[in-house]
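Q: here is a sequence with its predicted model. Questions after.
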Amino acid sequence: MRKENQALYQQLRKDYPEFVYEGYHYEVSEDGVSMQFFYSAGADVRFAPKMNLLWGIHGKSPKGNLDGLVFHIGLIELISYWKCVCSPLVRVKPYRLSEAQQQWWKKLYRKGLGEFFYQNTIQPDKEHFLDFVFEEDAADASVLTYPRVPDGDTTLVPIGGGKDSVVTLESLKAAGRRIVPFIINPRGATLDCARIAGFPEPQDIVILQREIDPSLLELNSRGYLNGHTPFSAMLAFYSLLVASCTGIREVALSNESSANEPTIPGTDINHQYSKSLEFEEDFRSYVSLYMNDVAHYYSYLRPLTELQIAERFAQYPAYFKVFKSCNAGSKQNIWCCRCSKCLFAYIILSPFIDKETMVSIFGEDLLDNWDMKTYFDELTGIAEVKPFECVGTVDEVNQALRMVLAQRQDAQLLQYYQKMLNL
């Protein structure tokens, strides 16, 4: 449900005119890197989130300091905290960004927070909703150094626990690449997928333990602004740190071509903006221009559609009982079977996996669940707006359903679909 928060947005910007990136601290040990970032928006709004990168058996002593990488991680983490008050000014104390860098970050705020603004019914001034300011004596960020990781035969693969990263893992293994998995805040599905891929122990995996400062959650409970932030952009900057600490240059994401489609047709509002090709190219350009081309970040699945990925995933039945893409059920490691993400996964896989197996994976036949009709309409384009989830394009969903209809017509949503389209 959208919230009418334009007035709250304007009031918060008056109450908190400046959001400050105070600084950061990090320590390198034999186990990994611990980091802490410090932000404020006045005496009553302060945050100090902590992150801990554990490199397991893959760590190396980083050559040179990590200041530049950690500083940039602080910039990307800042977005999650800034959004609660949306201050018009962001004061960056550690270093000064060039004008071109500032424009890059402003674009990420504008497009990466498109869903946040839409869901809160906020209409920001696209030119002036955010400006960066710096300390007079702040050194230019160009003084920071970055260790460029050399090429090698190993690929770092972030694992999210869904079908996409499974396809990337198995495809790269088949191509003869050595794989190192990277997981943020491990849970059942991510660890199980890593185990089946051949990485059974925590030390086999590079792990980031990422926390949200409880103060932010407390402000959210008090009615401060909240909403979606560009998670994959955060992952991108952390992957550079992992590359530097492991000596692995190749970072293979699992973002597909479908991520480029806007969630709101005819706009640039896209739940998956930071998974899009546009962001990927912008990020690589930024790393090349300002971060010594530290590592090579790309999506291995970019040429593929969700339907093509689903067909490939169906070739790996060992993962059927452990993979999960449901955000609502992630903490319980279940498919909730009540959200658009569950329904999308069910639809896109159904042309390639038989009904009995699908029911055993999800626990029920979601195509025969009439309570999912609203999500079904959103996924198929019957409704105007797609779900704000990581789902495929409307065309892909419709193609998958036509393929399913060639196999079965015994479910309520399939019969409804036939009637709507006069099939």
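A: Looks like it arrived, so ask away.

Q: what are the buried residues along the helix or strand harbouring residue 400?
A: Taking DSSP states H and E as the definition, residue 400 sits inside helix 394-405. By neighbour count on 16 or more other Cβ atoms under 10 Å, the buried set for helix 394-405 is 394, 396, 397, 398, 399, 400, 401, 404, 405. (Each C-beta comes from the backbone N, C-alpha and C, glycine too.)

Q: pretty sure the last one contacts residue 416?
A: It stands for residue 405. No. Using Cβ atoms under 8 Å, residue 405 is not in contact with residue 416; the gap is 11.7 Å.

Q: low-confidence bits of this structure, can you list those?
A: 61, 63, 423 (pLDDT under 70).

Q: now tabulate the buried residues of helix 394-405 in a markdown table and tack on distance to residue 24.
A: Conversion of these to a markdown table gives the following (distance: Cβ to Cβ, whole Å):
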| residue | distance to residue 24 |
| --- | --- |
| 394 | 42 |
| 396 | 41 |
| 397 | 43 |
| 398 | 47 |
| 399 | 47 |
| 400 | 45 |
| 401 | 49 |
| 404 | 50 |
| 405 | 54 |
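
Q: and the strands in the stretch 151-300 of the chain, which stretches?
A: For the stretch 151-300 of the chain, strands defined by DSSP state E, counting those that start in this stretch occupy the ranges 154-158, 178-184, 206-210, 250-253, 296-299.

Q: what angle separates the second one from strand 206-210?
A: Think strand 178-184. Between strand 178-184 and strand 206-210, the angle comes out at 10 degrees (axes from the mean of the first three to the mean of the last three Cα atoms, to 10 degrees).

Q: and strand 178-184, what does it pack against?
A: For strand 178-184, the packing partners by 3 or more Cβ pairs under 8 Å, 6 or more residues apart in numbering; DSSP states H and E come out as strand 154-158, helix 163-174, helix 188-196, strand 206-210, helix 231-246.

Q: what pairs with it, parallel or antiparallel?
A: Here strand 178-184 is paired, per DSSP bridges, with strand 154-158 (parallel), strand 206-210 (parallel).

Q: who touches the last one?
A: In other words, strand 206-210. The contact list for strand 206-210, computed with Cβ atoms under 8 Å, 6 or more residues apart in numbering, reads 49, 51-56, 58, 156, 180-186, 238, 242, 246.

Q: the closest residue to residue 300 other than its chain neighbours bridge partners, please.
A: Distances taken as Cβ to Cβ, 6 or more residues apart in numbering place residue 252 nearest to residue 300, at 4.2 Å, with adjacent residues excluded. Beta-bridge pairing for residue 252 (DSSP bridges): residue 298.

Q: burial check on residue 252, number of neighbours?
A: 22 (other Cβ atoms under 10 Å).

Q: what sits against residue 393?
A: Counted by Cβ under 8 Å, 6+ apart, residue 393 has contacts 258, 261, 305, 306.

Q: any idea how far residue 269 is from it?
A: Distance, residue 393 to residue 269, using Cβ to Cβ, to the nearest Å: 15 Å.

Q: where's the residue lying closest to residue 403 once chain neighbours are set aside, which helix or strand?
A: Spatial nearest neighbour of residue 403, chain neighbours left out: residue 351 (3.8 Å); criterion: Cβ to Cβ, 6+ apart. Residue 351 belongs to no helix or strand when assigned by DSSP H and E.

Q: so that it lines up with my notes, have the first residue be 833 from now on.
A: Done: numbering now begins at 833, and the last item shifts to residue 1183.

Q: just to revisit the earlier point, by neighbour count, which of the contacts of residue 1225 wins?
A: When neighbours are counted by other Cβ under 10 Å, residue 1138 leads the contacts of residue 1225 with 27 neighbours.

Q: so it makes contact with residue 1092?
A: No. Taking contacts as Cβ under 8 Å, residue 1138 lies outside contact range of residue 1092: 11.6 Å.

Q: list only buried entries from the contacts of strand 1038-1042.
A: Buried among the contacts of strand 1038-1042 (16+ other Cβ under 10 Å): 881, 883-888, 890, 988, 1012-1016, 1018, 1070, 1074, 1078.

Q: what is the strand or helix carrying residue 1245 packed up against?
A: Element membership of residue 1245, judged by DSSP H and E, is helix 1244-1252. Counting contacts by 3+ Cβ pairs under 8 Å, 6+ apart, helix 1244-1252 packs against helix 1205-1212, helix 1226-1237.

Q: list the buried ones in the shortest one?
A: In terms of neighbour count (16+ other Cβ under 10 Å), helix 1205-1212 has its buried residues at 1207, 1208, 1209, 1210, 1211, 1212.

Q: who touches that helix?
A: Contacts for helix 1205-1212 (Cβ under 8 Å, 6+ apart): 1171-1172, 1175-1176, 1179, 1214-1215, 1217-1219, 1223, 1226, 1229-1230, 1233, 1245, 1248-1249.
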